[in-house]
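Asker: The following block contains a protein sequence and its predicted model.
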Amino acid sequence: MHSSKPVPSSLAGRVVASHGRDATVVAADGSRVHCRLQGRRLAVVCGDRVRWQSTSTEGGSGVIVEVLPRASLLARISSRGDPEPVAANLTQLVAVVAVAPAPDFGLCDRYLAAAEWTGLDACVVANKCDLDGAAEALDGALADYARIGYRVLRTSKRLAGGVDALRERLAGGVSVLVGQSGVGKSSLTNALVPGVAAVVDEITRATENGRHTTTTAALYTLPSGGELIDSPGVRDFSPPLPAPREVASGYREIVALAADCRFRDCMHLRETGCRVTAAAAEGAVTARRLESYRRLVALAEEMASRVRR
Ligand SMILES: Nc1nc2c(ncn2[C@@H]2O[C@H](COP(=O)(O)OP(=O)(O)O)[C@@H](O)[C@H]2O)c(=O)[nH]1
Ligand SMILES: [Mg+2]
Ligand SMILES: [Zn+2]
């Protein structure tokens, strides 16, 4: 993945945190360099591979002069409706859910769809398994995810076994932890990356109500292999959506049945002879996932009509 002509005297680096026009870059020798972005056009996210030059003005600082092509890019739709990069060069998405805050499986579905569209491996982590009622609240949906082929892991910061299985799953890849605010992404990061607590403190700030919340994504190297990005918690997430007709490709159990629908262009909404709708009636596709798919189709149609206007 080399760029056509590297800027002379620039050095290779990896963005491990970024905030506005500032980024933390890890250089080839492992040192951390605080960098600014050169010019107005450049934008970086966590995971980006960059070229940078050291600046003599401030000790240990530099300027990013080039962003290398991205092997993958996870993006979201901002509140203004614009696509916004979240993290680059990922290989795996880890969707974290928990009994508290109240789980939003529609959100989990949208993350998994984003992974399908971005070409990432994906798994589901049910955290806070030590809490009362966790099994009752989560097991049904988790069994559904497992049935359609997603690896499901149960973790808790209090129980080592689950974290060990997750550590194994992360080895060798570049993974991002995503999910609602408060499900325990940063706590899992702390359990997985020894001695990281100080760095986590650096990127957290006390909110009005005194709670700490991660405000920017940060990338960590796992001693056991692989890299992990802890992302800011969200209240809601939607990936940039494909055309309505392509939304089904984000739902692997739906796309697997689509070939057997009567109409080639079936959208699995109210069409006759729809194999997906029939499978939902038989319980082979869960009603909840089908509803989640249909809601995303509606959103994709709304977006498409907004663009046309
Ligand atoms: N009981 C329990 N609490 C947890 C666990 N993991 C995280 N928490 C708590 O959940 C809250 C949110 O955790 P945090 O890691 O900041 O979540 P994030 O917003 O997803 O990064 C904190 O008060 C944690 O102490 C867990 O496995 N069990
Ligand atoms: Mg966090
Ligand atoms: Zn159909």
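Answerer: Arrived safely. Residues are numbered from 1 along each chain as shown. Ligands and ions are numbered 1, 2, ... in the order given.

Asker: Spell out which parts of the chain neighbour ligand 1.
Answerer: 127-128, 130-131, 156-158, 181-187, 214, 233 (C-beta under 6 Å from any ligand atom). Every residue, glycine included, has its C-beta placed from N, CA and C.

Asker: what about burial for those, which qualify?
Answerer: Neighbour counting by 16 or more other C-beta atoms under 10 Å classes 127, 128, 156, 157, 183, 184, 185, 186, 187, 214, 233 among the residues of the chain next to ligand 1 as buried.

Asker: now the second one, nearest residue through space, not along the chain?
Answerer: In other words, residue 128. Distances taken as C-beta to C-beta, 6 or more residues apart in numbering place residue 98 nearest to residue 128, at 4.2 Å, with adjacent residues excluded.

Asker: hmm, back to that, lowest-confidence one in the buried ones among the residues of the chain next to ligand 1?
Answerer: The pLDDT minimum for these sits at residue 214, where the score is 58.

Asker: helix/strand/coil for whichever residue of the stretch 1-150 of the chain sits closest to ligand 2?
Answerer: Per C-beta to the ion, residue 96 is where the stretch 1-150 of the chain lies closest to ligand 2, at 9.9 Å. Using DSSP: H, G, I helix; E, B strand; the rest coil, the structure places residue 96 in strand.

Asker: Not counting residues beside it along the chain, what's closest to it?
Answerer: In space, residue 96 comes closest to residue 179 once its chain neighbours are excluded; the distance is 3.6 Å by C-beta to C-beta, 6+ apart.

Asker: where's the one you found relative to residue 283, distance?
Answerer: 27 Å (C-beta to C-beta, to the nearest Å).

Asker: So between these two, which is more surrounded?
Answerer: residue 179 (27 against 8; other C-beta atoms under 10 Å).

Asker: And the helices in the stretch 201-309 of the chain?
Answerer: Ranges of helices in the stretch 201-309 of the chain, per DSSP state H, counting those that start in this stretch, are 252-257, 275-282, 287-308.

Asker: which residue packs closest to the closest residue to ligand 1 within the stretch 51-200 of the chain, ignoring adjacent ones?
Answerer: The stretch 51-200 of the chain approaches ligand 1 most closely through residue 184 (3.0 Å), counting by C-beta to the nearest ligand atom. Distances taken as C-beta to C-beta, 6+ apart put residue 127 closest to residue 184, at 4.2 Å, once the chain neighbours are dropped.

Asker: Toward the C-terminus, what is the element adjacent to whichever strand in the chain runs longest?
Answerer: Longest strand in the chain, counting residues (DSSP state E): strand 11-19. Counting by DSSP states H and E, the next helix or strand C-terminal to strand 11-19 is strand 22-27.
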